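Enquirer: build me a model:
(one chain, ligands or ions: 3)
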Amino acid sequence: MTRRVENDPAQDAPRVDPPGRSSVGLPSVLNSLRQVGENAGVRRGVPAMLAVNQKRGFDCPGCAWPEPGRRHTAEFCENGAKAVAEEATGRALAAEFFAEHPVSELAERSGYWLGRQGRLAEPLYLAEGADHYEPITWESALDLVAGELRALDSPDKAVFYTSGRTSNEAAFCYQLLARLLGTNNLPDCSNMCHESSGAALTETLGVGKGSVSLSDLYKADLIIVAGQNPGTNHPRMLSALERAKRSGARIVTVNPLPEAGLREFRNPQTARGLAGRGTELTDLFAQIRLGGDLALFSAVNRLLLEADRRGEPVLDRAFIEEHTHGFDAYAEDLLSEPGAEFWPRVERATGLERELIERIARSAVDSERTVVCWAMGLTQHKHSVPTIREVVNLLLLRGDVGRPGAGVCPVRGHSNVQGDRTMGIFERPSAAFLDALGAEFGFEPPRAHGLDTVDSIRAMAEGRVRVFFAMGGNFVAASPDTNTTEEAMRRVGLTVHVSTKLNRSHVVTGTRALILPALARSDRDLHGDRSRWVTVEDSMGEVHASHGVLPPLSEGMRSEVDIVRGVGERLFGESPVAWSRLADYDRVRDHVAAVVPGFEDFNARVRRPGGFTLPHAPRDGRRFPTATGRANFTVNGRYAPEIPEGRLLLQTLRSHDQYNTTVYGLDDRYRGITDGRRVVLVNPRDCAELGVRGGQYVDLVGEWSDGVDRRAPHFLVVEYPTARGCAAAYYPETNVLVPLDSTADVSNTPTSKSVVVRLEPETGT
Ligand SMILES: Nc1nc2c(c(=O)[nH]1)N[C@H]1C(S)=C(S)[C@@H](COP(=O)(O)OP(=O)(O)OC[C@H]3O[C@@H](n4cnc5c(=O)[nH]c(N)nc54)[C@H](O)[C@@H]3O)O[C@H]1N2
Ligand SMILES: Nc1nc2c(c(=O)[nH]1)N[C@H]1C(S)=C(S)[C@@H](COP(=O)(O)OP(=O)(O)OC[C@H]3O[C@@H](n4cnc5c(=O)[nH]c(N)nc54)[C@H](O)[C@@H]3O)O[C@H]1N2
Ligand SMILES: [Mo]
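Expert: Numbering: from 1, shown residues only. Ligands and ions are numbered 1, 2, ... in the order given. All right, here's what the predicted structure looks like:
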């Protein structure tokens with residue numbers, strides 16, 4: 001927990017207004033300009049903003065939403081602008097900063113304060129027992145990492161974490177380093193994010209990625225947006241939804257919160273939008289209870305099956321016959337529960353009336369082409385994998401996979417999280433990938449599965465990890481069960497963070513710690529006098545180049561590829577990998593082309609304007625590389641979270657002014673919250689029942705079977721129109737409440753969207 005510290009405004013008392021009804025428009029444009037001006041200044045800010053998502057520019061370090069083919073000069077959004085401003089800041093962190101501020105003091109600061117101090121500019125070392133980081137040369141820093149890795153008695157005592165901003169080139173080199181060392185311990189932010197989507201889609205469709213492109217969204221008749229808040233987290237998606245709407249699409253929104261972004265959108269790229277006239281996006285809003293989506297989608301599917309039994313032509317029989325497996329068993333199971341039990345159960349789980357669910361089913365039947373989009377609202381529950389499989393069942397019933405205007409659309413988070421996985425950042429790599437990697441470099445990669453994020457924390461807690469290496473991210477703040485995770489991190493021998501900005505993971509460390517400052521997406525990456533560029537893959541499997549444009553703030557920063565090369569050379573010399581040649585990223589891309597399917601002729605194809613699209617068998621030809629060789633219907637059970645008497649189910653989510661653990665500001669404009677983050681949104685009727693009122697401060701106390709007291713103190717209660725029984729508060733302040741052992745079945749993703757809590761009158765801190 002962060003305590004009150006002088007000059008650290010994160011704890012200020014928030015102001016509360018009614019939630020907004022519309023999103024973007026002029027206030028958002030003004031806010032972008034202000035953020036860029038304040039952080040990056042005109043000299044760095046303007047060139048940076050003109051290069052975002054342009055063909056010779058860099059990929060926005062915000063979200064993974066794809067760029068449209070025809071681009072505006074300003075192809076970015078308010079929150080992309082904040083992400084760019086954050087990294088393009090003109091402030092560099094000098095060594096004096098660390099002489100002035102001991103780590104013990106920095107550990108009392110909020111993440112907001114830490115992030116505002118500027119860009120990390122030179123390598124830093126925290127020696128055993130020391131309380132201050134001190135500058136260290138790159139040579140010594142890399143020697144230290146290599147020495148520590150070489151000294152391990154087992155390669156599995158090293159853990160290599162990745163956050164999803166890492167380029168394809170860096171990710172490929174990084175996983176190669178880990179596997180040459182002999183471990184598959186490659187946890188990543190995906191483990192906390194879309195792992196449930198990957199697991200469900202691989203099992204049912206054979207490919208763990210989305211099957212639609214932007215043009216499919218434009219052609220769809222029906223778009224269901226479930227468990228996602230694009231107005232804040234994928235603002236450019238709103239333009240795509242607006243365009244779909246103009247072409248006649250209906251939009252069904254499934255969410256416990258009435259998110260402003262999905263109600264009315266004022267497009268800042270059009271005069272109409274700037275003048276304050278918007279497009280109503282949502283046609284049908286299902287205000288679902290947290291974790292109710294499995295019940296909802298199974299109810300919609302049951303209505304379709306019942307209509308089919310009555311002889312109505314609602315199923316795509318030809319598709320089911322030719323391309324799927326398991327239909328009969330699925331239909332039999334779903335229809336087996338008597339209606340008198342089925343419907344009351346669904347109504348309890350969803351909080352929705354049957355009539356509304358019937359309208360959603362009707363929309364599905366009336367639609368020739370349906371796309372379902374989702375994000376963390378579906379992936380971070382105990383039963384996320386069955387829930388997403390049930391979404392797939394709906395599309396399979398209608399033949400809505402592998403044809404234009406239809407398909408699955410898991411909307412990814414970090415701008416290259418999908419690419420990192422494609423490059424082999426995965427603790428459970430396929431045998432085919434390892435075979436190809438081993439053949440390309442002439443070594444035998446380790447075959448045993450490695451540790452994911454949650455299992456890494458367990459291993460650290462048990463003292464089984466000596467070196468923790470992070471390629472970006474903020475592991476201790478992003479992970480669940482903050483106290484447990486921080487204690488675990490302190491048991492590691494050496495922690496190494498390749499980072500751009502200071503964060504909590506730099507001040508909660510192992511016995512010794514290194515910070516290695518990396519060039520960011522917007523920075524020019526010079527090698528001699530040659531400018532290098534990298535590639536990324538967006539949420540729709542499109543691969544393209546990203547050229548940094550800004551002069552780096554300091555010569556002390558290195559590219560992620562060069563940092564990995566430095567460790568690799570020291571550990572293994574030039575064989576079997578010629579690390580020195582990989583300074584030329586074309587050579588890295590040649591290796592990728594040889595190892596990763598879909599990257600043939602990578603260097604040539606990625607140089608074409610707009611790059612290229614990776615193959616996707618279900619999308620491209622209705623081929624399903626699953627265990628059965630067909631798309632699989634799955635039987636998904638009846639689980640829904642129970643909310644015990646006098647308790648609430650809490651979701652931990654993002655405000656409008658943050659990027660994951662990076663807090664840009666203290667406002668959540670669309671939800672009416674200003675100047676503070678320690679708020680808990682509660683339905684007014686739940687407030688009345690629980691005997692609390694808006695404006696009162698409470699402690700949030702997590703309840704979990706292990707009986708540990710998990711407490712997040714001092715939260716302002718805000719009466720808010722969320723679904724009954726379901727509260728919301730911001731991440732990462734509430735991560736302390738998410739039990740490490742509370743994870744999704746199959747994917748092992750922490751259940752950040754369903755934590756049972758009680759509200760207690762504040763105990764005082
Ligand atoms: N500006 C900005 N952009 C970002 C990020 C950021 O922090 N800031 N983060 C990036 C990352 S890594 C990711 S993964 C994405 C995250 O993008 P989102 O998934 O949109 O992020 P969250 O804020 O977690 O919002 C979850 C949404 O799901 C809803 N929800 C929660 N539980 C349920 C449920 O049980 N059922 C349904 N139907 N809905 C539910 C919530 O009310 C909320 O609207 O955004 C990416 N883009
Ligand atoms: N309770 C709760 N917990 C959650 C979630 C939730 O919804 N609720 N969401 C989960 C999700 S979806 C995700 S993806 C994870 C996110 O987990 P992470 O990806 O680990 O966290 P971030 O906050 O995105 O990491 C920010 C840090 O990355 C570094 N960084 C930024 N850009 C670069 C770069 O270009 N290179 C390098 N080397 N470093 C860079 C900066 O130092 C910055 O401080 O959190 C998860 N945790
Ligand atoms: Mo994410």
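
Enquirer: helices along the stretch 501-650 of the chain, start to end?
Expert: Assigned by DSSP state H, counting those that start in this stretch, the stretch 501-650 of the chain shows helices spanning 560-572, 585-595, 602-607, 617-621.

Enquirer: show me the contacts for residue 343.
Expert: 299, 354 (CB atoms under 8 Å, 6 or more residues apart in numbering). (Glycine included, C-beta is placed from N, CA and C.)

Enquirer: give me the pLDDT for it.
Expert: At residue 343, the model reports a pLDDT of 98.

Enquirer: secondary structure of it: a helix, I assume?
Expert: Yes - under DSSP: H, G, I helix; E, B strand; the rest coil, residue 343 falls within a helix.

Enquirer: in the stretch 251-400 of the chain, what residue lies closest to ligand 3?
Expert: residue 376 (6.8 Å; CB to the ion).

Enquirer: wait, that residue sits on residue 226?
Expert: No - if you go by CB atoms under 8 Å, residue 376 and residue 226 don't touch, sitting 10.8 Å apart.

Enquirer: out of the two, which sits in the busier spot?
Expert: Using other CB atoms under 10 Å, the more surrounded residue of residue 376 and residue 226 is residue 376, with 26 against 22.

Enquirer: list the contacts of that one.
Expert: Taking CB under 8 Å, 6+ apart as the criterion, residue 376 is in contact with 193, 227-228, 413, 653, 752-753.

Enquirer: out of the residues you listed, who's near ligand 2?
Expert: 193, 413, 653, 752 (CB under 6 Å from any ligand atom).

Enquirer: care to break this protein down by domain?
Expert: Domain assignment for the chain, taken from automatic domain parsing, gives 119-191+416-600, 195-411, 648-761.

Enquirer: quick check: residues of the chain near ligand 3?
Expert: Within the chain, the positions adjacent to ligand 3 are 193, 413 by CB under 5 Å from the ion.

Enquirer: quick check: residues of the chain near ligand 2?
Expert: Residues of the chain found near ligand 2 (CB under 6 Å from any ligand atom) are 163-165, 189, 192-193, 376, 413-414, 471-475, 478, 498-501, 503, 518, 520-521, 560, 652-653, 660-662, 731, 734-735, 738, 752.

Enquirer: run the last query once more with 5 Å
Expert: Residues of the chain found near ligand 2 (CB under 5 Å from any ligand atom) are 163, 165, 189, 192-193, 413, 472-474, 478, 498-501, 503, 518, 520, 652, 660-661, 731, 735, 752.

Enquirer: please indicate which of those residues are buried?
Expert: For these, a burial check counting by 16 or more other CB atoms under 10 Å picks out 163, 165, 189, 192-193, 413, 472-474, 478, 498-501, 503, 518, 520, 652, 660-661, 731, 735, 752.

Enquirer: right, and ligand 2 sits closest to which residue of the stretch 351-500 of the chain?
Expert: residue 473 (2.6 Å; CB to the nearest ligand atom).

Enquirer: right, and residue 286 touches residue 359 too?
Expert: No - applying CB under 8 Å, one finds residue 286 not in contact with residue 359, separated by 9.0 Å.

Enquirer: more neighbours: which of these two?
Expert: Neighbour count, other CB under 10 Å: between residue 286 and residue 359, residue 286 has more, with 24 against 15.

Enquirer: centre of the chain to stretch 395-402, how far?
Expert: Computed by CA atoms, centre = their mean, to the nearest Å, the chain-centroid distance of stretch 395-402 equals 26 Å.

Enquirer: do stretch 492-501 as well
Expert: Computed by CA atoms, centre = their mean, the chain-centroid distance of stretch 492-501 equals 21 Å.

Enquirer: can you pull out the strands in the stretch 451-600 of the chain?
Expert: Assigned by DSSP state E, counting those that start in this stretch, the stretch 451-600 of the chain shows strands spanning 467-471, 494-499, 512-517, 525-527, 530-532, 534-537, 542-546.

Enquirer: nearest to residue 674, of those strands?
Expert: Distance to residue 674, taken as CB to CB, is lowest for strand 494-499 among the strands of the stretch 451-600 of the chain, at 29.7 Å.

Enquirer: what sits up against that closest one?
Expert: Contacts of strand 494-499 (CB under 8 Å, 6+ apart): 120, 144-145, 148, 466-472, 489, 505-506, 509-518, 560, 563.

Enquirer: for the residue sitting nearest the centre point of the chain, phi and psi?
Expert: For the chain, residue 413 is the residue whose C-alpha lies nearest the centre (CA atoms, centre = their mean; 3.4 Å). When read as degrees, to the nearest 10, the backbone of residue 413 gives phi -90, psi -90.

Enquirer: ok, it touching residue 233?
Expert: Yes - between residue 413 and residue 233 there is a contact under CB under 8 Å: 7.5 Å.

Enquirer: overlap in contacts, those two.
Expert: Joint contacts of residue 413 and residue 233 (CB under 8 Å, 6+ apart) are 63, 375.

Enquirer: tell me the one of the contacts of residue 376 nearest ligand 1?
Expert: Comparing the contacts of residue 376 against ligand 1 with CB to the nearest ligand atom places residue 413 closest, at 2.4 Å.

Enquirer: and that closest one, what's its pLDDT?
Expert: In this model, residue 413 is scored at 95, pLDDT.

Enquirer: how about it: what's its closest non-neighbour residue?
Expert: residue 193 (5.3 Å; CB to CB, 6 or more residues apart in numbering).

Enquirer: how about the one you found, what does it touch?
Expert: 164, 376, 379, 412-414, 417, 749.

Enquirer: between the residues you listed, which has the most around it?
Expert: Ranking the contacts of residue 193 using other CB under 10 Å puts residue 749 first, with 31 neighbours.

Enquirer: assess the claim that that one and residue 196 are in contact.
Expert: Yes - at 5.4 Å, residue 749 and residue 196 qualify as touching, with contact defined as CB under 8 Å.

Enquirer: which parts of the stretch 551-700 of the chain sit against ligand 1?
Expert: Counting by CB under 5 Å from any ligand atom, the stretch 551-700 of the chain sits next to ligand 1 at 651, 653-654, 659-660.

Enquirer: against ligand 3, how distant is residue 588?
Expert: 25 Å (CB to the ion, to the nearest Å).

Enquirer: I meant residue 732, not that one.
Expert: Counting by CB to the ion - residue 732 and ligand 3 are separated by 12 Å.

Enquirer: burial of that residue, as a residue count?
Expert: For residue 732, using other CB under 10 Å, the count is 25.

Enquirer: buried stuff in stretch 81-100?
Expert: Quick answer for stretch 81-100 (16+ other CB under 10 Å): 81-89, 92-93, 97-98.

Enquirer: what mean pLDDT does it get?
Expert: The average pLDDT within stretch 81-100 is 89.

Enquirer: now residue 305: closest residue in space, sequence neighbours ignored.
Expert: Leaving aside its sequence neighbours, residue 305 sits nearest to residue 331 (CB to CB, 6+ apart; 5.2 Å).

Enquirer: for that neighbour, which three-state class applies?
Expert: Residue 331 ends up helix, using three-state DSSP.

Enquirer: distance of it from residue 397?
Expert: 9 Å (CB to CB, to the nearest Å).

Enquirer: need the overlap of contacts for the two.
Expert: residue 305.

Enquirer: looking at the stretch 201-350 of the chain, which residue is nearest ligand 3?
Expert: residue 233 (8.9 Å).

Enquirer: pretty sure residue 665 is in contact with residue 657, am I right?
Expert: Yes - using CB under 8 Å, residue 665 is in contact with residue 657, at 3.8 Å.

Enquirer: between these two, which one's more packed in?
Expert: Remark: of residue 665 and residue 657, residue 657 carries more neighbours, 24 against 21, as counted by other CB under 10 Å.

Enquirer: got the contact list for the more buried one?
Expert: Applying CB under 8 Å, 6+ apart, we find residue 657 in contact with 82, 663-669.

Enquirer: repeat for residue 115
Expert: 86, 501-503, 662-663.

Enquirer: at 6 Å what do you get?
Expert: 501, 662 (CB atoms under 6 Å, 6 or more residues apart in numbering).
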